[in-house]
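Visitor: model the following, please.
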Amino acid sequence: QVQLVESGGGLVQAGDSLRLSCAASGRTFSSYAMGWFRQAPGKEREFVAAISRSGGRIGYADSVKGRFTISRDNAKNTVYLQMNSLKPEDAAVYYCAARSGALTNYYITAYDYPYWGQGTQVTVSS
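Guide: This next block holds a predicted model:
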């Protein structure tokens, strides 16, 4: 089992950047595919980005493609989400998620990830 702790959220202005981090416990981080999801008030949790165990396969939601970058450092047991050109509609609680094994074809689905962090708030002012 893996435990996930997100950090890096905060209040920024539109156009600014933030980097979220998700630190994972345990010695087998490299065996987990990782994802980032977000949830705004009154909305369902939505997929943002995902990365395979080695980092060789990456996927993004259309709404963030070209602005957000997911990466991982298996030596540091950490996955990152670099968010550039932030928009007010990016404001949400951002969650890190993990699944043991390969990134599946359902990686945009929250149900595909059994392990979740507690979330970090991102607020974007216009």
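Visitor: tell me what the closest residue to Arg45 other than its chain neighbours is bridged to.
Guide: With sequence-adjacent residues excluded and distances taken as CB to CB, 6 or more residues apart in numbering, Arg45 is closest to Gln39, at 4.3 Å. Where C-beta positions appear, they are placed from N, C-alpha and C, glycine not excepted. Legend: beta-bridge partners of Gln39 under DSSP bridges are Val93.
Visitor: and Gln39, what does it touch?
Guide: Shown in contact with Gln39 (CB atoms under 8 Å, 6 or more residues apart in numbering): 45-46, 92-93, 95, 119.
Visitor: make it 6 Å
Guide: Taking CB atoms under 6 Å, 6 or more residues apart in numbering, we find Gln39 in contact with 45, 92-93.
Visitor: could you check how far the residue of the chain most remote from its centre is from Pro88?
Guide: Relative to the C-alpha centroid of the chain, counting by CA atoms, centre = their mean, Ser126 is the outermost residue, at 22.8 Å. Counting by CB to CB, to the nearest Å, the gap from Ser126 to Pro88 is 5 Å.
Visitor: which residues in the protein form strands?
Guide: Under the criterion DSSP state E, the chain contains strands at 4-7, 10-13, 18-24, 32-39, 46-51, 58-60, 68-73, 78-83, 92-100, 115-116, 120-125.
Visitor: the second one pairs with which strands, parallel or anti?
Guide: Going back to what we said before, that points to strand 10-13. strand 120-125 (parallel).
Visitor: same check, this time on the third one
Guide: Counting by DSSP bridges, the strands paired with strand 18-24 are strand 4-7 (antiparallel), strand 78-83 (antiparallel).
Visitor: Gly66 is nearest to which of the ones you listed?
Guide: Closest of these to Gly66 is strand 78-83, at 11.6 Å (criterion: CB to CB).
Visitor: now do that closest one against strand 46-51, angle only.
Guide: 120 degrees (axes from the mean of the first three to the mean of the last three CA atoms, to 10 degrees).
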